[in-house]
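Novice: Sequence and computational prediction follow.
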Amino acid sequence: MNPTRPPPAGLQTPGFAHYSVAWSPFHNSRIALASAANFGLVGNGRLHMVSLIPGVGGSSAVKLDKQYESQDAVYDVAWSEIHENQLVTGSGDGTIKLWDVMLNDFPIRSWHEHSREVFSVDWSNIKKDTFVSSSWDGNVKLWTPEMPRSVTTLHAHLSCVYQAIFSPHQPDILATCSTDGTMKIFDLRSPSYATGPTTNSFTHPLSAAVLTVPASGTELLTLDWNKYQPFVLATAGVDKMVKVWDCRMVQSAQPGAQAVGGLCEVQLPGHEYAVRKVQWSPHRPDILATASYDMTCRIWSSNPSAGGSNLLHVHDPHTEFVAGCSWSLYDEGLLASCGWDGKLFVFRA
């Protein structure tokens with residue numbers, strides 16, 4: 001460990017376990033935390049708004065600015081790409097809520113179409129009026145803040161969809177991962193559902209992926225697109241292995257095709273338990289971070305120098321499952337991690 005690295009800044013929120021953390025795309029000091037009472041198993045949830053306060057000598061502190069109560073666990077949070085003060089959350093009761101940090105107490109909009117827990121939300125950074133949600137009901141839904149119902153429904157998997165995320169390179173491409181161990185790529189321009197004067201994607205969900213990758217023999221909990229390489233994704237899950245995929249290597253690209261061998265470019269072993277979150281760096285094409293149930297957040301290189309290790313840094317002050325990690329969009333090397341111990345850390349790796 002670098003002896004000159006400043007200690008991580010921390011925040012404790014008693015009684016609430018953190019599931020997700022996200023940096024604002026507009027402000028380099030704003031952080032949002034999605035949290036749940038009783039480890040998300042039963043009870044209410046909370047959205048925390050946090051500020052990073054720079055200090056002397058490279059040190060910093062974090063301050064709790066505001067919190068919003070929810071009737072059920074809050075599992076994920078995503079900042080709006082068009083409004084600096086708004087963000088969306090997914091909850092255990094199947095609802096999606098839009099919040100404005102300039103207002104107190106209540107969300108400004110709420111939707112309830114999912115029949116089970118909403119486990120992920122992601123806001124498109126290309127089509128900035130659109131966000132996506134994924135649920136344990138197997139469905140993925142696209143939304144715009146002004147519409148009273150979803151724009152499109154994808155019947156993505158037969159089981160729980162842990163994450164759905166837009167490509168940062170193509171506005172109509174998104175990827176999903178599921179308990180079935182597959183990663184699927186969907187092209188929203190593909191008419192893979194019943195069409196006609198009496199049908200639409202709301203009543204006849206899109207279901208055919210343009211690519212299905214059997215990424216793991218166990219549950220696939222997380223995935224992320226590389227910010228610099230349009231066809232490269234990383235996945236991780238219950239098998240403890242972080243894998244990097246290049247979708248250009250697929251041997252058959254027909255709709256619904258099952259990918260066959262030779263896709264996985266890099267495997268990154270090292271975590272001792274399931275990996276709950278993977279995220280590529282927004283600053284470098286070969287760096288990614290992971291959060292795991294082994295109580296660590298780790299930084300990796302997918303392309304280390306000759307003789308170097310893929311594992312670059314282990315961040316281990318958490319005392320419970322680490323459920324979320326997020327890179328600062330403005331400060332290279334600065335990350336936030338959050339866990340079931342109710343702690344948020346901001347650290348430099």
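Specialist: Thanks, I have it. Residues are numbered from 1 along each chain as shown.

Novice: Show me how far the helix or strand harbouring residue 132 is from its chain's centre.
Specialist: Assigned by DSSP states H and E, residue 132 belongs to strand 131-135. Relative to the mean C-alpha coordinate of its chain, strand 131-135 is positioned 10 Å out (CA atoms, centre = their mean, to the nearest Å).

Novice: helices or strands next to it in the packing?
Specialist: Strand 131-135 sits against strand 86-91, strand 118-123, strand 139-143, strand 161-166, with contacts defined as 3 or more CB pairs under 8 Å, 6 or more residues apart in numbering; DSSP states H and E. Heads up, the C-betas are built off the backbone N, CA and C, glycines and all.

Novice: what would those strands look like in JSON lines with mean pLDDT, distance to residue 175 and mean neighbour count?
Specialist: Formatted as JSON lines, the helices and strands packed on strand 131-135 follow (pLDDT from 0 to 100; distance: least, CB to CB, whole Å; neighbours: other CB atoms under 10 Å):
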{"stretch": "strand 86-91", "mean pLDDT": "98", "distance to residue 175": "17", "mean neighbour count": "25"}
{"stretch": "strand 118-123", "mean pLDDT": "98", "distance to residue 175": "10", "mean neighbour count": "26"}
{"stretch": "strand 139-143", "mean pLDDT": "97", "distance to residue 175": "10", "mean neighbour count": "24"}
{"stretch": "strand 161-166", "mean pLDDT": "98", "distance to residue 175": "6", "mean neighbour count": "26"}
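
Novice: Arrange these in JSON lines, one row each, with distance to residue 325 as further columns.
Specialist: Formatted as JSON lines, the helices and strands packed on strand 131-135 follow (distance: least, CB to CB, whole Å):
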{"stretch": "strand 86-91", "distance to residue 325": "18"}
{"stretch": "strand 118-123", "distance to residue 325": "14"}
{"stretch": "strand 139-143", "distance to residue 325": "23"}
{"stretch": "strand 161-166", "distance to residue 325": "14"}
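
Novice: And these: which comes nearest residue 242?
Specialist: Taking CB to CB, strand 161-166 is the member of the helices and strands packed on strand 131-135 nearest to residue 242, at 14.4 Å.

Novice: quick one: contacts of the closest one?
Specialist: 119-120, 122-127, 130, 132-136, 138-140, 156, 173-179, 219-225 (CB atoms under 8 Å, 6 or more residues apart in numbering).

Novice: Just checking, which helix or strand succeeds that strand along the chain?
Specialist: Past strand 161-166, the next helix or strand by DSSP H and E is strand 173-178.

Novice: Run through the helices of the stretch 151-300 of the chain in chain order.
Specialist: For the stretch 151-300 of the chain, helices defined by DSSP state H, counting those that start in this stretch do not occur.

Novice: pLDDT weak spots in the stretch 1-150 of the chain?
Specialist: Filtered on pLDDT under 70, the stretch 1-150 of the chain yields the residue ranges 1-5, 56-58.

Novice: any chance you could map the strands in it?
Specialist: 9-12, 16-23, 30-37, 45-54, 60-70, 74-79, 86-91, 96-100, 109-111, 118-123, 131-135, 139-143 (DSSP state E, counting those that start in this stretch).

Novice: burial of the closest residue to residue 295 other than its chain neighbours, as a residue count?
Specialist: In space, and not counting its chain neighbours, residue 295 is closest to residue 318: 4.9 Å by CB to CB, 6 or more residues apart in numbering. Other residues near residue 318 number 25, with proximity taken as other CB atoms under 10 Å.

Novice: Would you mind listing which of the contacts of strand 161-166 are buried?
Specialist: Buried members of these, counted by 16 or more other CB atoms under 10 Å: 119-120, 122-124, 127, 130, 132-136, 138-140, 156, 173-179, 219-225.

Novice: In contact with the residue lying closest to residue 228 once chain neighbours are set aside, which residues?
Specialist: Nearest in space to residue 228, with sequence neighbours left out and distances taken as CB to CB, 6+ apart, is residue 285 at 3.6 Å. For residue 285, the contacting residues are 226, 227, 228, 229, by CB under 8 Å, 6+ apart.

Novice: doesn't residue 77 make contact with residue 87?
Specialist: Yes - Residue 87 is within contact range of residue 77, at 5.8 Å (criterion: CB atoms under 8 Å).

Novice: overlap in contacts of these two?
Specialist: The contact sets of residue 87 and residue 77 overlap at 22, 32, 47 (CB under 8 Å, 6+ apart).

Novice: measure the first one to residue 312 for me?
Specialist: Read it as residue 22. 23 Å (CB to CB, to the nearest Å).

Novice: out of the two, which sits in the busier spot?
Specialist: Set residue 22 next to residue 312 and count neighbours by other CB under 10 Å: residue 22 wins out with 23 against 15.

Novice: Now that that one has come up, it's in contact with residue 79, right?
Specialist: Yes - in this structure, residue 22 is within contact of residue 79 by CB under 8 Å, at 5.8 Å.

Novice: Find the residues that touch each one of these two.
Specialist: Common contact partners of residue 22 and residue 79 (CB under 8 Å, 6+ apart): 32, 87.
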